[in-house]
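Peer 1: Pasting the sequence and the predicted coordinates here, then a few questions.
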Amino acid sequence: MSEVNLLDKGERFVHVSVGSLHDFDGKQFVKDATGATSCEISFGTLPAGAAVPFFHSHKENEENYIILSGSGKFQVDGKVFDIAEGSVVRVSADCDRNLRCTSSTPMCYICIQAREGSLGGYTMTDAEITERESLL
Ligand code: ZN
C-alpha cells in the first residue's frame, strides 16, 4: 500500500506526495494529510485485469474520475463504457459505479469527491489577479 508523505506545511498551504505514480500501489486518500475542506482526493492504481472489488454509491457527493494512464471499462448502474488516459468521468450521487483495467499496463487514476451542487464561482468568476513579486 502507498502512503502520503508530508513534504512542507505553511500557515496557508500543505504539500504532500504519494510519490511516483509508476510505482503506485492500491488506493490512497489525501484529505486527512492535506486538511482539505472542500473535497476528498484519492489516487488509485488497478493492475492489468483488475477491478475495484466492489460497487459503491455516495449519498451526497459526486465523483470525478481522471484517468492518468492505462485504459479500461467504467460502469455506472447498468451502463458500461470505455475509458483511457485523458478520460474524465463525473458520476452523480445515488448510483453505483466501478471501473476495471483492461490494458496490459496498470491504470492510474485520481478521484475527486465533492458535494454535488456545491460549486459556486470558479476559475475567473472566483479568482482575481494579484500583485505579487515572483520568487519562482
Ligand atoms: Zn467513491
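Peer 2: Yes, it's here. Residues are numbered from 1 along each chain as shown.
Peer 1: So which residues of this protein form helices?
Peer 2: In the chain, the helices defined using DSSP state H lie at 31-34.
Peer 1: most centrally placed residue in it?
Peer 2: For the chain, the residue nearest the mean C-alpha position is Cys111 (2.1 Å; C-alpha atoms, centre = their mean).
Peer 1: pretty sure it contacts Cys39?
Peer 2: No. Using C-beta atoms under 8 Å as the test, Cys111 is too far from Cys39 to be in contact (9.9 Å). From N, CA and C alone the C-beta is placed, and that goes for glycine too.
Peer 1: residues of stretch 76-92 that come out buried?
Peer 2: The neighbour-count check on stretch 76-92 (16 or more other C-beta atoms under 10 Å) flags 76, 83, 87, 89, 91 as buried.
Peer 1: Not including adjacent chain positions, what is the nearest residue to the third one?
Peer 2: Distance criterion C-beta to C-beta, 6 or more residues apart in numbering; nearest residue to Ser87, sequence neighbours excluded, is Ile67 at 4.3 Å.
Peer 1: For Glu85, see how far away that neighbour is.
Peer 2: The gap separating Ile67 from Glu85 is 6 Å, by C-beta to C-beta, to the nearest Å.
Peer 1: thought Ile112 was touching Glu63?
Peer 2: Yes. At 7.0 Å, Ile112 counts as touching Glu63 under the criterion of C-beta under 8 Å.
Peer 1: where does this structure have low pLDDT?
Peer 2: Residues of the chain meeting the criterion pLDDT under 70: 1.
Peer 1: Show me where it has its strands.
Peer 2: 5-9, 14-17, 27-29, 40-46, 61-69, 71-76, 79-84, 88-91, 97-101, 107-115 (DSSP state E).
Peer 1: so how many other residues sit close to the closest residue to Leu46 other than its chain neighbours?
Peer 2: Closest residue to Leu46 apart from its sequence neighbours, by C-beta to C-beta, 6+ apart: Cys101 at 3.9 Å. Using other C-beta atoms under 10 Å, the number of residues around Cys101 comes to 25.
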